[in-house]
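Undergrad: Show me the folded form of this:
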Amino acid sequence: MPPDDEEKLDPDAWSRRFTLLSDPTRLRLIVGMHHRPDSTVNDLAQLAGISPNTASQSLRALRDEGWIDGDKSGREVRYRLRPDAIVHRILHEIMGDHHAQPTHSHGR
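TA: Residues are numbered from 1 along each chain as shown. Model prediction:
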């Protein structure tokens, strides 16, 4: 769901977002989910070079912000970036893909 105008201008919300993005571990996880959607916490931990516990804590913060989704598959949860999340659009800007809204599904 897109943020309303008040949230778009909320300095506290943006500060929280930038704090999440300032952590290299979370950025590695975000990029990992972008390139390998529907990865497990163990997959993402290995990609980021961190422990599964550290990955799980970071993924929880990203999910709480509404940037990722996780679907239970048996005993595992598979994570992916939400296509409508601001972080997904920012990632595309950084990578040089200048679409206002990502149009690909990343495996969905």
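
Undergrad: Show me how far the helix or strand where residue 69 lies is from its chain's centre.
TA: Residue 69 belongs to strand 68-73 when assigned by DSSP states H and E. Between the centre of strand 68-73 and the centre of its chain there are 12 Å (CA atoms, centre = their mean, to the nearest Å).

Undergrad: and that strand, what does it pack onto?
TA: helix 52-64, strand 76-81 (3 or more CB pairs under 8 Å, 6 or more residues apart in numbering; DSSP states H and E). For the C-beta atoms, the positions are set from N, CA and C on the backbone; glycine is no exception.

Undergrad: just the ones you listed: most buried one?
TA: Highest mean neighbour count among these (mean count of other CB atoms under 10 Å): strand 76-81, with a mean of 19.

Undergrad: how far off strand 76-81 does whatever helix or strand comes next after that strand point, in degrees?
TA: Next helix or strand after strand 76-81 toward the C-terminus (DSSP H and E): helix 86-94. Angle of helix 86-94 versus strand 76-81, following axes from the mean of the first three to the mean of the last three CA atoms, to 10 degrees, is 50 degrees.

Undergrad: Buried residues, helix 86-94. List them.
TA: 86-89, 91-92 (16 or more other CB atoms under 10 Å).

Undergrad: Could you point out which of those residues is nearest to residue 62?
TA: residue 87 (7.8 Å; CB to CB).

Undergrad: so what's the nearest residue in space to the closest one that is not next to it in sequence up against?
TA: Leaving out its chain neighbours, the residue that sits closest to residue 87 by CB to CB, 6 or more residues apart in numbering is residue 67, at 4.6 Å. Applying CB atoms under 8 Å, 6 or more residues apart in numbering to residue 67 gives the contacts 20, 30, 81-82, 85-88.

Undergrad: likewise residue 77?
TA: Residues in contact with residue 77 (CB under 8 Å, 6+ apart) are 40-41, 70-71.

Undergrad: May I see these organised as a markdown table, with distance to residue 53 and pLDDT added?
TA: Output for the contacts of residue 77, formatted as a markdown table (distance: CB to CB, whole Å; pLDDT from 0 to 100):
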| residue | distance to residue 53 | pLDDT |
| --- | --- | --- |
| 40 | 14 | 97 |
| 41 | 9 | 97 |
| 70 | 16 | 95 |
| 71 | 21 | 94 |
